[in-house]
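1. Curious how this folds, go ahead:
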Amino acid sequence: MFNIWKPNFFTLFLTLLLFASCSKKIIPDKPFLSRTNFRMDSLPESELNIPIQVNMKPLYQLAEKNVATVYTSPNWPDDWVAIDCANRYKYQFRRGPLQFIAAGNSMNITFTGYYKIIGSTRVCLGNTVISPWTPACRCGFDEGERRVNVGFINTVRVLPDYKINLNINRQEPTPVDKCTVCFFGADITNQVMKGLKTELDLAKRSIEDSFGVVDLKPQVQLLWNKLNTSHNLYGLGWLKINPQKIRLISLFARNDSLNIFLGMTAKPVISLERPTDLMTLAPDIDNTVSKPGFNIFIDAVLHYDSLSNIINAQLKGQEFDLSRGKQKRVIRVQDCRIYGTGNENLIIKMSFSGSSSGIAYFTGKPFYDEQKKTIEVRDIDFDVKTKNLLLKSADWLFSKRITNEITRVSKFDLSGYVDTAKVLINKQLNGEMIRGINSYGKINDLKIAGFYPLTEHFIVRSNASGELMIKVDAMSFNLY
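-> Purely as a prediction, here's the structure:
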């Protein structure tokens, strides 16, 4: 009985050894793609040239509030102002509402002034008083306040540090009504206008102190910070504008609006994961001239995991019947991953089981079909190391059926991405940026400008052109 068992045990051992040898996993070395001249082009600078319309009414209201409405001689109505030994007077001057007319880079401020004056005289010989003061004579009381038109011309200039400078020049006051007093018995309008000029110069200084320089830097910094902040594109990823510099193209006033044409250079990026927001100081204004509208290049950073999931959803679990004659051989796809190595090509790693198990590597080159708006991986073939191993140990796996199927599913439809991006970016371009500041814009064209299969991620570069404007309806001003 012992002699019968011995050969059976030996046969079983040989069978197990043969089975183990046949079922050895196929695991080729990872592909090594030779280095080429492939490199990612630097992201072109995007140009945004934005007309900004500032509603000047809040500034007018601020000026109306800050510029005094009544001017009087010292200690009115008790004390007198002596012109000389023989003449003295006291007055009250009241201004009407400020009127603003803006055109070009100038803003005119005018108002009607209302004044009344009291005076008296006496006889002097040199500085020696000969007679007492006459009874007080008045102008602008019984006949109503005397009127005079007053104006200032202001030239607007924007400084590189975002301060709006108003250069104020006083105009000659123009009397509407004459002023006569009993002690002169004649028209003293010119003398009153002379004294009024001194007071208007004081009013000019008050205007300059109130709003001679408007500092927009805090508001610009808020906008700059907003542009440096990542914005959720509702499933498409995170958009970060990455502003580089700001330009002032032109400035002019019309009616109640100050129109500022600003330009901005930026390097916007879309990424699936929220990037770190790095706040920087808004740079001074650059005066380079550029075309109207915007022309933006955006890099969308796609992770290979998301691309792998698209392929895996169609390939995982799929069986390939690779039988030859009576020898039945079937493999089943367990997992499929796609990644890059910084070369023009992509690598696809497929894990499989069945009649044989292991890993197979494929290489292919991405291609963008502009008409279909799809990125396809073409020229898919077994990697050379996988090919060599299969030819030695499992040549039956070397099948075009597998590469054809991978080619079929290795397509990434971007049409929905492009259409959705247009809608969502248009939404981002329209709305309140910060309180009182709204943007209005639209994308005219959005197209794929290139793609780069880098090692860590796959970058799709798109180019968008369109229009954008900003309206400033209400905001707080910092005045010096």
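
2. got any ranges where the stretch 351-480 of the chain has weak pLDDT?
-> For the stretch 351-480 of the chain, the stretches with pLDDT under 70 are 474-480.

3. Show me the helices in it, by range?
-> Listed in chain order, the helices of the stretch 351-480 of the chain (DSSP state H, counting those that start in this stretch) span 384-393, 400-409, 415-429.

4. Of those, which is nearest Ala253?
-> Among those, helix 415-429 comes nearest to Ala253, with 25.8 Å by C-beta to C-beta. C-betas here are computed from N, CA, C, even on glycine.

5. So which other helices or strands are in contact with that closest one?
-> strand 437-453, strand 457-472 (3 or more C-beta pairs under 8 Å, 6 or more residues apart in numbering; DSSP states H and E).

6. Counting neighbours, which bits of it end up buried?
-> Neighbour-count burial for helix 415-429, counted by 16 or more other C-beta atoms under 10 Å, picks out Tyr417, Ala421, Lys422, Leu424, Ile425, Gln428, Leu429.

7. so what's Gln53 bridging to?
-> Beta bridges link Gln53 to Asn259, Lys471, judged by DSSP bridges.

8. need the contact list for it.
-> Gln53 sits next to Ser257, Leu258, Asn259, Ile260, Met469, Ile470, Lys471, Val472 when contact means C-beta atoms under 8 Å, 6 or more residues apart in numbering.

9. Just the buried ones among those residues, please.
-> Ser257, Leu258, Ile260, Met469, Ile470, Val472.

10. In a markdown table, list the contacts of Gln53 along with distance to Glu344.
-> Formatted as a markdown table, the contacts of Gln53 follow (distance: C-beta to C-beta, whole Å):
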| residue | distance to Glu344 |
| --- | --- |
| Ser257 | 53 |
| Leu258 | 52 |
| Asn259 | 48 |
| Ile260 | 46 |
| Met469 | 41 |
| Ile470 | 42 |
| Lys471 | 47 |
| Val472 | 48 |
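
11. Closest to His457 out of those?
-> Ranked by distance to His457 (C-beta to C-beta), the contacts of Gln53 are led by Ile470 at 33.1 Å.

12. Please name the bridge partners of Val269.
-> Applying DSSP bridges, one finds that Val269 bridges with Lys240, Asp299.

13. Look up the closest residue to the residue most central in space within the chain, ignoring the ones flanking it.
-> Nearest to the mean C-alpha position of the chain, by C-alpha atoms, centre = their mean, lies Leu227 at 4.2 Å. Closest residue to Leu227 apart from its sequence neighbours, by C-beta to C-beta, 6 or more residues apart in numbering: Ile241 at 4.2 Å.

14. likewise Gln221?
-> Leaving aside its chain neighbours, Gln221 sits nearest to Ala282 (5.1 Å; criterion: C-beta to C-beta, 6+ apart).

15. what number of residues lie near Thr198?
-> Other residues near Thr198 come to 8 when the count uses other C-beta atoms under 10 Å.

16. Which secondary structure state does it sit in?
-> For Thr198, the assignment made with DSSP: H, G, I helix; E, B strand; the rest coil gives helix.

17. distance of it from Phe93?
-> According to C-beta to C-beta, to the nearest Å, Thr198 and Phe93 sit 11 Å apart.

18. still on that earlier bit, quick check: the two most widely separated of the contacts of Gln53?
-> Largest separation among the contacts of Gln53 by C-beta to C-beta: Leu258 and Met469, giving 13.7 Å.

19. is it true that Pro135 touches Thr121?
-> No: using C-beta atoms under 8 Å, Pro135 is not in contact with Thr121, being 10.2 Å away.

20. How confident was the prediction at Pro292?
-> Residue-level confidence at Pro292 comes out at 77, pLDDT.
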